[in-house]
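A.B. asks: Below are the sequence and a predicted model for it; my questions follow.
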Amino acid sequence: MESRAAVVALEGIESSVAALAVCVRGAAGEVAPTGVDPAGGDPAGGDPAGGDPLRDQADAFLDGLAEAGRAEARLAALKVHLAAGYAAAAEALAAPAKSPQEHTAQEMAVTAEVACVLTVSERSAGALLCEARTLTAGLPLTLAALQAGTISWQHARILCDETANLEPAAAAALEAHFLDPDAVNPARGCPAGELVPGRFRAKARAWRERHHPVSIETRHTKGAADRRLEYVPDRDGMAWLSAYLPADTAAGIWDRATTAARALQGPAESRTLTQLRVDVASEWLLGGVMEGTPSPAAQVLVTVPVFSLLGLTEEPAMLDGYGPIPPSMARRLVADGAASFRRVLTDPRNGAPLEIGRSTYRIPPTLRQWLRLRDGRCPFPGCNNPSLDNDADHLLAWADGGTTGISNLGQPCRRHHRLKHTTAWTPVGATANEPPGWTSPAGRSYRSEHQDWEPPHWPELTGPGDEDQGSEPPDLSDWTDWVESAENPYDAGGLGPPLPVDPFPEWAFFTAA
């Protein structure tokens, strides 16, 4: 089985090498052999009949880099097939193990052989064999995408990590969400292979958290019991101090320290933002808030499904800059009136943001809040700067006729804000619910990451004497009409139990308006 799969993988590599040769020849000013077509390019790697030869050469270099990336992915797929094939052949060659210890020894021998062949550590070889086994036996879509060159080896390893310890059905669902466009509620925005690995890991982890078979409440309770502070000495008179603590506490500390550090920046301040952040945190820890050091409140968004806020479902909430958190944590944050956290409710029909809480400290403009909801972070491809660190910016300048509407606004970080104003990189295509993509100086288009909103879970709609209606939502062509109608089983005058008291009821007036 793996022998044939390895042959197919090799054929893919041969195709990449042929396309790569065309790109390299085009970059060198040579004409490619007739009939060979680089990926997405001209058969000769440029336009010999006209155009700018230097522009054609630059495009050929970029085409070559893209094809080299696809070739690396296909080569990684071949290594997977070869490693899995060797492990299977070695197992068939070995005599049946008579004890668990003998079986372990046989596995160690296989790992050592692969380590020596590749000149890597046995730990690295063991990881390769484990990942090869996972990909060939349990993640067919991932292996197919790797073999096609549409995801990298790093993306494939992330999927192996995030599906670890999941049941086969759950692992298949996670894989399909990101790699199968025909899946139920597929991932939004650019495909998985167009996300940098760090951002893809964050999205895959968030999806896993929301759909894990063990409730997030149970897993959070165990994690909270393991909270701790760690101190690790390092070189050059330095040391690491880290804390493992609940996400809401960590997010509040981080944002408060960042805001305080930004307030200290100025022409006379030589310290970087990174240095200022750790300096103010150190002052707070050692002696409380020092004179001259600002102590602003953190401003963190908490996105809560309506039914989860009301205690009717146990659906996770989303903490800005972190990901899914237990619904009990979200309820506590909004019920206690925590000034550091802004509550965001989602529409029960489709999971989209519905309303932004307004009973908060230092309320910024509504559009700025909506930008944070829409983008989550700097919209430049691969950038991980969180929304609080970013600048609101007109995509089309006001002087050029641009409006101050959500579809003409972005929130690039300061680095990519400068990039926009000092180079030909241009943000384009923003809508009310989608961040802008970017067009490069070479004329290439790159999509931005989208927020992965999901339709919320519905509580069981049952009442005395009624048949169980299941968890399918009714046809809510007008949500507010349904809320006010007798068909709403959670209305105080309806058939079902009354709704718990919403500590912030203004959202209902907002939706009615």
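C.D. replies: Received the coordinates, thanks. Residues are numbered from 1 along each chain as shown.

A.B. asks: ok, now how distant is R123 from P191?
C.D. replies: Going from R123 to P191 by Cβ to Cβ, to the nearest Å gives 32 Å. To be clear about C-beta, it is placed using only N, CA and C from the backbone, and glycine gets the same treatment.

A.B. asks: Of these two, which one has the most company?
C.D. replies: P191 (16 against 10; other Cβ atoms under 10 Å).

A.B. asks: for that one, what are its contacts?
C.D. replies: Residues in contact with P191 (Cβ atoms under 8 Å, 6 or more residues apart in numbering) are T150.

A.B. asks: Relative to L241, how far out is it?
C.D. replies: In terms of Cβ to Cβ, P191 sits 39 Å off from L241.

A.B. asks: swap in P435?
C.D. replies: 35 Å.

A.B. asks: what's the answer for V302, then?
C.D. replies: 27 Å.

A.B. asks: Equivalent analysis for R70, please.
C.D. replies: 43 Å.

A.B. asks: what comes up buried for stretch 17-26?
C.D. replies: 18-26 (16 or more other Cβ atoms under 10 Å).

A.B. asks: Which one's more surrounded, P435 and L241?
C.D. replies: P435 (27 against 12).

A.B. asks: Which residue is the nearest non-sequential neighbour of the more buried one?
C.D. replies: P379 (3.8 Å; Cβ to Cβ, 6 or more residues apart in numbering).

A.B. asks: Count the residues that sit near the one you found.
C.D. replies: Around P379 there are 27 other residues, counting by other Cβ under 10 Å.

A.B. asks: That one falls within a helix, correct?
C.D. replies: No. The assignment for P379, made by DSSP: H, G, I helix; E, B strand; the rest coil, is coil rather than a helix.

A.B. asks: which ones are touching it?
C.D. replies: Taking Cβ under 8 Å, 6+ apart as the test, what P379 contacts is 410-412, 427, 435-436, 438, 448-449.

A.B. asks: quick one on the thing from earlier: how about the buried residues of stretch 17-26 in TSV, adding distance to V7, secondary structure and pLDDT?
C.D. replies: Compiled in TSV, the buried residues of stretch 17-26 are given as follows (distance: Cβ to Cβ, whole Å; DSSP: H, G, I helix; E, B strand; the rest coil; pLDDT from 0 to 100):
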residue	distance to V7	secondary structure	pLDDT
A18	17	helix	85
A19	19	helix	84
L20	20	helix	80
A21	21	helix	84
V22	24	helix	84
C23	25	helix	82
V24	26	helix	82
R25	27	helix	81
G26	30	helix	77
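
A.B. asks: Looking at those residues, which is nearest A172?
C.D. replies: A19 (31.7 Å; Cβ to Cβ).

A.B. asks: Relative to A9, how far out is that closest one?
C.D. replies: In terms of Cβ to Cβ, A19 sits 16 Å off from A9.

A.B. asks: repeat for Q106
C.D. replies: Taking Cβ to Cβ, one finds Q106 at 26 Å from A9.

A.B. asks: What is the three-state secondary structure of L373?
C.D. replies: Assignment for L373 (three-state DSSP): helix.

A.B. asks: looking at it, it is touching V302, isn't it?
C.D. replies: No. Counting by Cβ atoms under 8 Å, L373 stays clear of V302, with 11.4 Å between them.

A.B. asks: higher neighbour count, these two?
C.D. replies: Taking neighbours as other Cβ under 10 Å, L373 and V302 compare with V302 leading, 26 against 21.

A.B. asks: which residues does the more buried one bridge with?
C.D. replies: Counting by DSSP bridges, V302 forms beta bridges with L319, R343.

A.B. asks: Could you double-check that it sits in contact with Y322?
C.D. replies: No. V302 lies out of contact with Y322 (Cβ under 8 Å); the separation is 10.0 Å.

A.B. asks: sorry, back to before: of the contacts of P379, closest to H212?
C.D. replies: Nearest member of those to H212, counting by Cβ to Cβ, is E449, at 22.1 Å.

A.B. asks: burial count for the closest one?
C.D. replies: 27.

A.B. asks: before we move on, what about the one 10 residues further on?
C.D. replies: Other residues lying near P459 total 19 when counted by other Cβ under 10 Å.

A.B. asks: Give me the distance between it and V302.
C.D. replies: 20 Å.

A.B. asks: T111 too?
C.D. replies: 45 Å.

A.B. asks: Equivalent analysis for L179, please.
C.D. replies: 30 Å.

A.B. asks: Then S124?
C.D. replies: In terms of Cβ to Cβ, S124 sits 40 Å off from V302.

A.B. asks: middle-most residue in the chain, spatially?
C.D. replies: The centre of the chain sits closest to K203, judged by Cα atoms, centre = their mean, with a distance of 2.5 Å.

A.B. asks: continuing past whichever strand or helix holds L174, what's the next helix or strand?
C.D. replies: Per DSSP states H and E: L174 is located in helix 168-179. Counting by DSSP H and E, the next helix or strand C-terminal to helix 168-179 is helix 197-211.

A.B. asks: Residues contacting that following helix, please?
C.D. replies: Outside helix 197-211, the residues that reach it (Cβ under 8 Å, 6+ apart) are 152, 154-155, 158-159, 161-163, 166, 170, 173-174, 177-178, 187, 192, 195, 216, 315-316, 318, 323-324, 382, 384, 449, 452, 454.

A.B. asks: Mark which of those residues are buried, thanks.
C.D. replies: For the contacts of helix 197-211, buried by 16+ other Cβ under 10 Å: 152, 155, 158-159, 162-163, 166, 173-174, 177-178, 187, 192, 195, 216, 315-316, 318, 323-324, 449, 452, 454.
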